[in-house]
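Asker: Fold the following for me, if possible:
(chains A and B, ligands or ions: 2)
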There are 2 protein chains.
Amino acid sequence: MKYCTHCGGGVELKVPDGDNRPRHVCTACGRIHYQNPRIIVGTLPVWQDRVLLCRRAIEPRYGYWTLPAGFMENGESAAEGAQRETLEEACARVRVLEPYTLVSVPFIDQLHLLFRAELLDLDFAPGTESLEVRLFEEADIPWDDLAFRSVSLTLRAFFEERRSGRFGVHHVSLPPIDN
Amino acid sequence: MKYCTHCGGGVELKVPDGDNRPRHVCTACGRIHYQNPRIIVGTLPVWQDRVLLCRRAIEPRYGYWTLPAGFMENGESAAEGAQRETLEEACARVRVLEPYTLVSVPFIDQLHLLFRAELLDLDFAPGTESLEVRLFEEADIPWDDLAFRSVSLTLRAFFEERRSGRFGVHHVSLPPIDN
Ligand SMILES: [Zn+2]
Ligand SMILES: [Zn+2]
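Answerer: Ligands and ions are numbered 1, 2, ... in the order given. The predicted structure is shown next:
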């Protein structure tokens, strides 16, 4: 951030009075511009013993498999956002059930929130951000070709807990990947 | 938003190609500036049969009772943010347990996320944003003087579920209040 959204003046990084971390503060009008984490909402759509995955048609992770998810928008609830993303990426209609995984990704300032969901019919198809949409049984999940750690840990938790039929809520914070 | 944070040019509201909702787009450099919901993280700190509440020293809802909570910051996990807010507002040390209530407030573009937590000692005190910090038994909760609906529904769920000892996760979306 270089310029103030309110007056167009230059901003500088400094700790405002009564605060304890650097913020972008306008040198002209004095406004403080806060930057906060963004929320990714999505679903784990389930049909009988299968789950729906999308193969990404966009970067990052082009060509890898993911759960339908994307940035939560202003003016919607988390569940509405998750349902909307499922419709946009997989043209799939779901009934959103419970929050299932809550994954903090602090090094990229994101919070991922995935809901369990019931796929309502088999009328799905790739949206513009997907190359392919398919149902997978546990044995066929492409574990080595999943797009994100939040996706693999959600699938692992689901197949593990499905045996008992009792689903918890899982929260975890991911460290950066060492390469 | 009136000016581009990147180049200081004027912005206009328009639907970018391939998008389906109006965004702030810079008329000079073309950058799209997305605006997304902000996350409020906090805790429900529990000590034996009592819960810790803070009386607000700031607007909105000055003088009303609340759970310690505030905006999640970049670079932290949701649980770390909840723990930090508890320390800042109530000078209280907690062990964060499970996500408990997830409250969408779409008309003000917020998502509230409250964790159950275990208060570690009785060494708490008002932080700069609190007038007073106290432990309350169920019978003494100031139900008519709670600051926010996400606080009252979290307390109600807790005292209800405590009888069984089995805590779920609660997600709800709040409509605007009619006055
Ligand atoms: Zn300014
Ligand atoms: Zn610009």
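
Asker: C-alpha from now on. contacts and neighbour counts both.
Answerer: OK.

Asker: how about the helices of chain A, start to end?
Answerer: Assigned by DSSP state H, chain A shows helices spanning A:78-90, A:149-162.

Asker: how about the first one, does it reach chain B?
Answerer: Yes - counting by CA under 8 Å from any CA of the partner chain, contacts between helix A:78-90 and chain B involve A:A78.

Asker: avg pLDDT for that helix?
Answerer: Averaged across helix A:78-90, the pLDDT comes to 98.

Asker: and what of the longest one?
Answerer: Helix A:149-162 shows an average pLDDT of 97 in the prediction.

Asker: gap between it and the chain center?
Answerer: Distance of helix A:149-162 from its chain centroid, counting by CA atoms, centre = their mean, to the nearest Å, is 14 Å.

Asker: Would you pull up the residue in chain A closest to ligand 2?
Answerer: For chain A and ligand 2, the shortest gap (CA to the ion) falls at A:Y3, measuring 9.4 Å.

Asker: Please work out how many residues are found near that residue.
Answerer: A:Y3: 22 surrounding residues under other CA atoms under 10 Å in any protein chain shown.

Asker: Any regions of chain A where pLDDT drops low?
Answerer: Applying pLDDT under 70 to chain A picks out residues A:178-179.

Asker: As a quick check, tell me the outermost residue of it.
Answerer: Relative to the centre of chain A, the most outlying C-alpha is that of A:A28, 36.6 Å out, by CA atoms, centre = their mean.

Asker: where's that residue relative to chain B, distance?
Answerer: Per CA to the nearest CA, to the nearest Å, A:A28 is found 13 Å from chain B.

Asker: wait, that residue sits on A:G9?
Answerer: Yes - using CA atoms under 8 Å, A:A28 is in contact with A:G9, at 5.4 Å.

Asker: Pull out the buried positions in stretch A:108-125.
Answerer: A:109-119, A:124-125 (16 or more other CA atoms under 10 Å in any protein chain shown).

Asker: repeat for stretch A:92-111
Answerer: A:92-96, A:98-106, A:109-111.

Asker: Which ones among those residues also lie next to ligand 1?
Answerer: Filtering these for neighbours of ligand 1 using CA under 5 Å from the ion leaves an empty set.

Asker: need the contact list for the residue lying closest to A:E137 once chain neighbours are set aside.
Answerer: With CA to CA, 6 or more residues apart in numbering or on different chains as the criterion, A:E137 has its nearest non-adjacent residue at 4.6 Å, and that residue is A:R50. Contacts for A:R50 were tallied using CA atoms under 8 Å, 6 or more residues apart in numbering or on different chains; they are A:L135, A:F136, A:E137, A:E138.

Asker: give me that answer again for 6 Å
Answerer: Applying CA atoms under 6 Å, 6 or more residues apart in numbering or on different chains to A:R50 gives the contacts A:L135, A:F136, A:E137.

Asker: So chain A: which segments form each domain?
Answerer: A:1-35, A:38-173 (automatic domain parsing).

Asker: Which positions within the first one qualify as buried?
Answerer: Looking back up the chat, that one is domain A:1-35. A:1-13, A:23-26, A:32-33.

Asker: now do stretch A:156-171
Answerer: The neighbour-count check on stretch A:156-171 (16+ other CA under 10 Å) flags A:A157, A:F158, A:F159, A:F167, A:G168, A:V169, A:H170, A:H171 as buried.

Asker: Ok, stretch A:124-132 next?
Answerer: Of all the residues in stretch A:124-132, those buried under the rule 16+ other CA under 10 Å are A:F124, A:A125, A:P126, A:G127, A:E129, A:S130, A:L131, A:E132.

Asker: which ones are touching the fourth one?
Answerer: When the contact criterion is CA under 6 Å, 6+ apart, the partners of A:G127 are A:E88, A:E89, A:A90, A:C91.

Asker: got it, and the fifth one?
Answerer: Applying CA under 6 Å, 6+ apart to A:E129 gives the contacts A:A57, A:I58, A:E89.
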